[in-house]
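**Student:** turn this into a structure:
(chains A, B, C and D)
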2 protein chains.
Amino acid sequence: MKGIRQLAERLNISIGTVSRALNGRPDVNDETRRRVLEAAAEMGYVPNQSGRSLRQGTTNAVGFMIESGFDVAGNPDNFFLGVFDGVQTVLSRHHLDLVVLPCATDEDPTQYLQRMVTRRLVDALIISATHRTDRRIELLNKTHIPFIALGRSATPGNHPWLDLDFEGVANRAIDRLVAKGHRRIAVGVPSNDINLGFVFLDGYKAALARHGIAFEPNLVIRAPSSEQGGYQTAHELLTMPEPATAVVLIYELMAIGFYRRLNESGLSPGRDIAVIAFRESPLSRFLSPALTCFRMSLRDLGITLGESLLASMPAYADIYPQGIVRRVWPMELVEGGSDQAIKG
Amino acid sequence: MKGIRQLAERLNISIGTVSRALNGRPDVNDETRRRVLEAAAEMGYVPNQSGRSLRQGTTNAVGFMIESGFDVAGNPDNFFLGVFDGVQTVLSRHHLDLVVLPCATDEDPTQYLQRMVTRRLVDALIISATHRTDRRIELLNKTHIPFIALGRSATPGNHPWLDLDFEGVANRAIDRLVAKGHRRIAVGVPSNDINLGFVFLDGYKAALARHGIAFEPNLVIRAPSSEQGGYQTAHELLTMPEPATAVVLIYELMAIGFYRRLNESGLSPGRDIAVIAFRESPLSRFLSPALTCFRMSLRDLGITLGESLLASMPAYADIYPQGIVRRVWPMELVEGGSDQAIKG
DNA sequence: ATGTGCTCCGTAAACGTTTACGACGCTATA
DNA sequence: TATAGCGTCGTAAACGTTTACGGAGCACAT
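**Tutor:** Numbering: from 1, shown residues only, chains lettered A, B, ... in the order given. Reported below is the predicted structural model:
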């Protein structure tokens, strides 16, 4: 109805010239270009994306795959919405759009991704919640679609990634607790094979070693990344023969359950057991005592994520010359009262 | 590289037949169809979406627009992820896919939607977080793309919508509080013009009228849908000449701030001021006293949302014959200790 | 007069599908 | 035998763009 053809007929010029004028090609007269742009605006003409995609094999969209049933942050505010905002901000600078691809809980993530890739709905991809070995990365390495992973993985490949600094989180939390006199420090980590748990554990072990503290496997407590998981973690900790005096929880939501279990035993977080958790949310200040945790800007993370992805796309590599980005995202410690010094 | 042409050559049949076989057309031999499907699976062939869209003017995708900076539920678990899951489940039954379109905070939602529509990226749309007057609905009414709104609006039009039963929430909360002896009942509603606030207020007024209680405008407290907003609400309530004895908060996240402000004044939620809030999250049970709130299945909501959208699409109207759906989604009350009877 | 280079524009092919149309071979019926 | 009908399949046009190619017109130098 309102294709490029109608536009050309109306101006009595060929569709080739119209296309060139619209796409900013140099070989078109200034006056002609002005007329074309004017008529296009007047008619409300917007190029049909399917035709354009078919011809030039590009869609001007990047995909962000998430798993509906799985919030990587497990945290009481919406991790992804903040990140989307940052990514979208970067993309819109280049007339690209972000489409989020939510994989349903009952579908295999790799198959879903496969479908999205072959569909050619997007030019590039962001995947999140990477696993220790991630078959999606294997898949994407085979195809040649540019992508970046939000989260490291042990799966080989020289793809770009951006990850939260869980190693730093672990190190700084342990340093802080040791400085306050703690020696028996437990950690609560996810029970699935999401990679951040492994990274976190590496940092934990390294920090213990630095302080000359022996690593005790039974102080690593695996539980779901939920309020219930935190409850379980606390329960397991309290029923140990020789309980820890401090704990670092990887998800703030777990802290809620952790507090709850402690309260049930008449114990007080902070006073009886020190607690540090990742990641700050509106809850942190409300919990009593306030939770010592780590803070980050989701939007800034999204911006860096978007820029890093563009840097790996040939068409934008000259604008973002940072090459293959592989870096960790720093976080800031927020002091609460939940990690007081050891008693006595 | 792996188009329908290669598939046809490999089988020594025409691409027309291959296409018909893949699309389940009747005029193809069973044996031929079997061979085509087998070869397609083996080659990992998936039709190019651009070519298909161009030819038949359809994209096999539906969009779900969200606003990154704005979580409609304002609640401590991820409202949208649950809904996505349900929608995707329905769509995949018909080989449709869901793409989420996150509008950045710095972009005008109507312009963003306009761009997505003309891009012809999707066949149908879901919009969420509807406002009292919503220019997106005006826009979509002009175009002829099928859509459904998650949330009512005062903007005219005979489009389908599905909305949470905020009127029911208000009515049942007030009934419950009145039965416990409360007469001065405040409400905390959003300060922006999102429509659910108006619906909620309507229910509130109707319930008061039923119980013969006069409506007092200063018992309607407007605040942001955040923890801080809840804090403000409590503060405003406490500094009133004649404070209310109960409050109904529209966002659970506000309850956290509300509790916090009460605690600062040495007051106890439930005992000194009754609190009911919408919507249940992992927090509800943890708060002390546990929050009386409303529960719903996000996934089931998503399923109904998806089915209602399909019902308004000509191509699926025979499978989902419910016509133009306009209904509210029921919610279940969950009892906590936060809404005890009035003192004395 | 011829050649060269430049600017601007039209022509037509290509991208990967779907589908209207018609052709072919076969069977059944008159 | 002729005709009609059916099942199956090939042919080619169409969807809306972009872009390689070449040509027309002109200016300028040789």
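
**Student:** could you confirm A:Thr89 falls within a helix?
**Tutor:** Yes - according to DSSP: H, G, I helix; E, B strand; the rest coil, A:Thr89 belongs to a helix.

**Student:** number of residues surrounding the spatially closest residue to it that is not a sequence neighbour?
**Tutor:** Distances taken as CB to CB, 6 or more residues apart in numbering or on different chains put B:Ala104 closest to A:Thr89, at 5.4 Å, once the chain neighbours are dropped. From N, CA and C alone the C-beta is placed, and that goes for glycine too. B:Ala104 sits with 22 neighbouring residues when counted by other CB atoms under 10 Å in any protein chain shown.

**Student:** how about the backbone phi and psi for B:Ala104?
**Tutor:** phi -70, psi 160 (degrees, to the nearest 10).

**Student:** right, and it touches B:Ile66 too?
**Tutor:** No - in this structure, B:Ala104 is not within contact of B:Ile66 by CB atoms under 8 Å, at 10.8 Å.

**Student:** for the residue nearest to A:Leu298 when sequence neighbours are not counted, give me its contacts.
**Tutor:** Counting by CB to CB, 6+ apart, A:Leu298 lies nearest to A:Gly82, which is 2.7 Å off, once chain neighbours are set aside. Under the criterion of CB atoms under 8 Å, 6 or more residues apart in numbering or on different chains, the neighbours of A:Gly82 are A:297-299, A:301-302, B:68.

**Student:** for the helix or strand hosting A:Gly82, C-alpha coordinates in PDB please.
**Tutor:** For A:Gly82, the host element (DSSP states H and E) is helix A:79-92. Extracted in PDB, the C-alpha atoms of helix A:79-92 (Å, rounded to 0.1, in the frame of the first residue of the first chain):
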ATOM      1  CA  PHE A  79      17.500  -7.400  37.300                       C
ATOM      2  CA  PHE A  80      16.800  -7.700  33.700                       C
ATOM      3  CA  LEU A  81      14.600  -4.600  33.200                       C
ATOM      4  CA  GLY A  82      17.400  -2.400  34.300                       C
ATOM      5  CA  VAL A  83      19.900  -4.100  32.000                       C
ATOM      6  CA  PHE A  84      17.500  -3.900  29.000                       C
ATOM      7  CA  ASP A  85      17.300  -0.200  29.500                       C
ATOM      8  CA  GLY A  86      21.000   0.200  29.200                       C
ATOM      9  CA  VAL A  87      21.300  -2.000  26.200                       C
ATOM     10  CA  GLN A  88      18.500  -0.400  24.400                       C
ATOM     11  CA  THR A  89      20.000   3.000  25.000                       C
ATOM     12  CA  VAL A  90      23.200   2.000  23.200                       C
ATOM     13  CA  LEU A  91      21.400   0.300  20.400                       C
ATOM     14  CA  SER A  92      19.200   3.100  19.600                       C
END
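
**Student:** what comes into contact with the following helix or strand past that helix?
**Tutor:** With elements assigned by DSSP H and E, the helix or strand that comes after helix A:79-92 is strand A:97-103. The contact list for strand A:97-103, computed with CB under 8 Å, 6+ apart, reads A:60-68, A:80, A:84, A:87-88, A:91, A:109, A:112-113, A:116, A:121-122, B:81, B:84-85, B:88, B:97-102, B:115-116, B:119, B:121.

**Student:** residues in a beta bridge with A:Arg327, which ones?
**Tutor:** A:Leu162 (DSSP bridges).

**Student:** relative to chain B, how far out is it?
**Tutor:** 24 Å (CB to the nearest CB, to the nearest Å).

**Student:** next one: that residue from DNA strand D, what distance?
**Tutor:** Distance, A:Arg327 to DNA strand D, using CB to the nearest atom of the strand, to the nearest Å: 33 Å.

**Student:** and for that residue, the neighbour number?
**Tutor:** A:Arg327 has 13 nearby residues by other CB under 10 Å.

**Student:** noted, bye for now.
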